[in-house]
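Colleague: only the shape, not the letters, is given here:
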């Protein structure tokens, strides 16, 4: 048994590909926990960032600067009465949130946090991610139908129509990125998430800059479609608060509702990680081929530690600025303690053995975090699209653009070959 | 799928558009508890998918019988009640009522009182429009303008609070003038506020006016032609956005509006976007009026000679003012006693709300929300 566990450590494959079930299971648990923490952090960050955009403070009461607010919310949701409408279709009503959460979490088994930091490396990774993440549309339709109520039904219909329309444009953009992977000596492309990042490393360019501006346009299409896919502002029609109260989850409360919430945020992280993998070089640090050498390596290795030390510094700064009143004593101590923990993590990240292992995960997470910030920024800025305008954007603008980019990418990619066959005959 | 309720039977059957693909009609009930109906308005929507085939408003959830109460109160005692009708623009309500009773009594408020009345009423118009903008944008999905407008509205409410002690239901005016002299530094506060708020209005516009999604959501939505407006009795910014240049401050000058120089912003298309632009322009015009009124604030008494026990002569009077939402009229019948024989309020929100069905037919559900927002109704005034 111990040998079985140890045997993987020398391998340079993902545990799934190496066939080591023990480590695959460990990875799954770590990713699940990490994702839950990310959703909790995202909840707090969204409320805080949105609040500061809107000239207010956001949560301030539970814990210093509201840091414990998401935990308090989670406890509240778990303790709430579990209500099911009398007319609801019980089994489907019960299944829907589970379905949505399952779809949202399953995609993470192919997300590459590093060359070996994924549960498994599927040769159809991108397809798997798109396929499984769109299963959540089914869950939403189930929720809307099972609630047996008008608002959820309209919300669910809107949602399924929206997801189906935007998936096509999304697919076009994805195909153009996948085609770019095949521009090598062998001419073999790949759908594997890890393979796509390795192709960007081999070609020495992030695909967002490839065939400028084709890569950029494809990325733009994906970036718009992924917001629509996850039902976030300005495409948040399925849960349009002002029109449909809460859309498909109007009849849900307590723990079931929190499952929808969890699924929404992990879906956001999932699509962002597809975008990062396909266009922004996945786990690669900035300029991996340009700024080489031991000095540059060290420079970029220091980033994770510096980030945590910066956060710790922010905590200490806020601690100093806390009111001196005895009522705030516990909060002040808590904030200082949080700063100490962050600082210690930062210091640990400077240890050479650790920083080399962590750096891939760090760069991947940073890129995903940038997308998360964009999501919040959109929500603070844009009004909501109307349903017909949403469809117009999807079918009349994004889809033709996606098709055009696809054809042009193919043409530009094949151009050397065409030249060869025509002129060198 | 529910059968259409009998309450919709008055809609002409021929007029209904044929449902798409023989789909069943969906009747949904918006309100009275609904985040976007601005209070307790209940709208019964008949939908074909997302398309609105017709709608009916059910009102009365906030009915307090204000008009009946008036018959059992003396003229002065009834004054605070009018603040509770359009609680967003309480000062305007008070102005209309006080002027109507003054007309009945045959007295006129002294010039200083008139000036202060204009300043407070225009400040109140600003708060009303700011609240409208915030909630309207929130309905359309832009959540940030709400907080911007509330931040600036707070400054006006602070002035009200310093002046008369109340922020919302101010009861600022008395029949014949004012109860209170302005506090020390009133003029400075108002002037400071004017310099503070002018760039803020640009800030709201920056967020919305050229925002593509905002323009798409509001342009061509809920169109109401000038003729329709007149036929339905719609007044206020909704009427002006349809191209009818009708503002009671100019058409039938009351208070001392004729002394001030301001323009009446007018729209062309009568759609939601034009109504938005008209109201934004009105906010700037209000600033102009306040500036002029503060600069030329005369000294003198603030109260005309009014008997302690008011017994207006037998007769009737109708007086209307341009409230932020439209024409606010008071019709008072006096039988010579201390209490009105009958008092009738012509509330702008109630009349404007009648246009909802006409504006929403053939539009989508999301537009109904936008149109309710753009009509700028206050249910306290609709139901009274």
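Modeller: Looks like it came in fine. These numbers come from a predicted model, not from an experiment.
Colleague: quickly list the domain ranges of the chain.
Modeller: In the absence of a named chain, this looks at chain A. Following automatic domain parsing, one gets these domains for chain A: A:21-76, A:80-286+A:407-425.
Colleague: that's the other chain; I wanted chain B
Modeller: When chain B is parsed with automatic domain parsing, its domains come out as B:6-58, B:66-383.
Colleague: in chain A, where's the longest helix?
Modeller: With secondary structure taken from DSSP state H, chain A has its longest helix at helix A:21-53.
Colleague: my read: residue A:255 touches residue A:76, true?
Modeller: No - with contact defined as Cβ atoms under 8 Å, residue A:255 does not reach residue A:76; the gap is 10.6 Å. The C-beta positions use only the backbone N, C-alpha and C, and glycine is treated the same way.
Colleague: quick one: which of those two has more around it?
Modeller: Taking other Cβ atoms under 10 Å in any protein chain shown, residue A:255 and residue A:76 do not tie; residue A:255 has more neighbours (14 against 11).
Colleague: read off the pLDDT value for that one.
Modeller: If you check residue A:255, the pLDDT there is 85.
Colleague: just name the shakiest helix or strand of the chain by mean pLDDT.
Modeller: Reading this off chain A. helix A:241-244 (a mean of 61; mean pLDDT, DSSP states H and E).
Colleague: oops, wrong one, chain B.
Modeller: The weakest-scoring helix or strand in chain B, judged by mean pLDDT, DSSP H and E, is strand B:26-30 (a mean of 79).
Colleague: if we can go back for a sec, ok, then the element right after the longest helix of chain A?
Modeller: Next along the chain after helix A:21-53, taking DSSP states H and E as the criterion, comes helix A:69-79.
Colleague: go through that following helix and flag the buried ones.
Modeller: A:69, A:70, A:73, A:74, A:77 (16 or more other Cβ atoms under 10 Å in any protein chain shown).
Colleague: for that helix, what is the average pLDDT?
Modeller: pLDDT averaged over helix A:69-79 gives 89.
Colleague: I would like the residues contacting it, please.
Modeller: Helix A:69-79 is contacted from outside by A:40-41, A:43-44, A:47, A:59, A:61-63, A:254-255, A:257-258, using Cβ atoms under 8 Å, 6 or more residues apart in numbering or on different chains.
Colleague: repeat the analysis, applying 10 Å as the threshold.
Modeller: Residues from elsewhere that reach helix A:69-79, judged by Cβ atoms under 10 Å, 6 or more residues apart in numbering or on different chains: A:36-37, A:39-48, A:58-63, A:66, A:68, A:253-259, A:261-262.
Colleague: in chain B, where is pLDDT below threshold?
Modeller: Across chain B, the ranges flagged by pLDDT under 70 are B:1-24, B:35-37.
Colleague: where do the strands sit along it?
Modeller: In chain B, the segments counted as strands under DSSP state E are B:26-30, B:42-48, B:51-58, B:173-174, B:177-178, B:315-323, B:326-334, B:340-346.
Colleague: what's the local residue count around residue A:325?
Modeller: For residue A:325, the neighbour count with other Cβ under 10 Å is 8.
Colleague: the helices in the stretch 251-400 of chain A, which residues?
Modeller: Using DSSP state H, counting those that start in this stretch, the helices of the stretch 251-400 of chain A run over A:254-279, A:294-301, A:303-321, A:329-348, A:352-381, A:387-392, A:399-423.
Colleague: got the angle between the longest helix of chain A and helix A:254-279?
Modeller: Relative orientation of helix A:21-53 and helix A:254-279, computed by axes from the mean of the first three to the mean of the last three Cα atoms, to 10 degrees: 100 degrees.
Colleague: pull the longest helix from chain B.
Modeller: Looking across chain B with DSSP H, the single longest helix is helix B:111-140.
Colleague: and the residue of chain A closest to chain B?
Modeller: The minimum distance from chain A to chain B, using Cβ to the nearest Cβ, falls at residue A:384 (2.7 Å).
Colleague: hmm, that residue is touching residue B:142, no?
Modeller: Yes - assessed by Cβ atoms under 10 Å, residue A:384 is found in contact with residue B:142 at 7.8 Å.
Colleague: so what's in contact with those two at the same time?
Modeller: Counting by Cβ under 10 Å, 6+ apart, the contacts common to residue A:384 and residue B:142 are A:233, A:234, B:213, B:214, B:217.
Colleague: where along the stretch 251-384 of chain B do the helices fall?
Modeller: Secondary structure of the stretch 251-384 of chain B (DSSP H, counting those that start in this stretch): helices at B:272-295, B:348-353, B:356-360, B:365-375, B:379-383.
Colleague: any idea which residue sits dead centre in the chain?
Modeller: In the absence of a named chain, this looks at chain A. residue A:269 (1.6 Å; Cα atoms, centre = their mean).
Colleague: was after chain B, sorry
Modeller: Central residue of chain B (Cα atoms, centre = their mean): residue B:325, at 2.4 Å.
Colleague: hmm, the least confident helix or strand of chain B touching chain A?
Modeller: Yes - judged by Cβ under 10 Å from any Cβ of the partner chain, strand B:26-30 and chain A are in contact via B:26, B:27, B:28, B:29, B:30.
Colleague: buried residues in that strand?
Modeller: Those would be B:26, B:27, B:28, B:30, for strand B:26-30 by 16+ other Cβ under 10 Å.
Colleague: please apply the same query to stretch B:204-218.
Modeller: B:204, B:205, B:207, B:208, B:211, B:213, B:214, B:216, B:217, B:218.
Colleague: thinking again about what came up before, please identify the most buried of the domains of chain B.
Modeller: Of those, the one with the most neighbours on average (mean count of other Cβ atoms under 10 Å in any protein chain shown) is domain B:66-383, at a mean of 20.
Colleague: first-to-last residue distance for it?
Modeller: Length of domain B:66-383, first residue to last, Cα to Cα, to the nearest Å: 9 Å.
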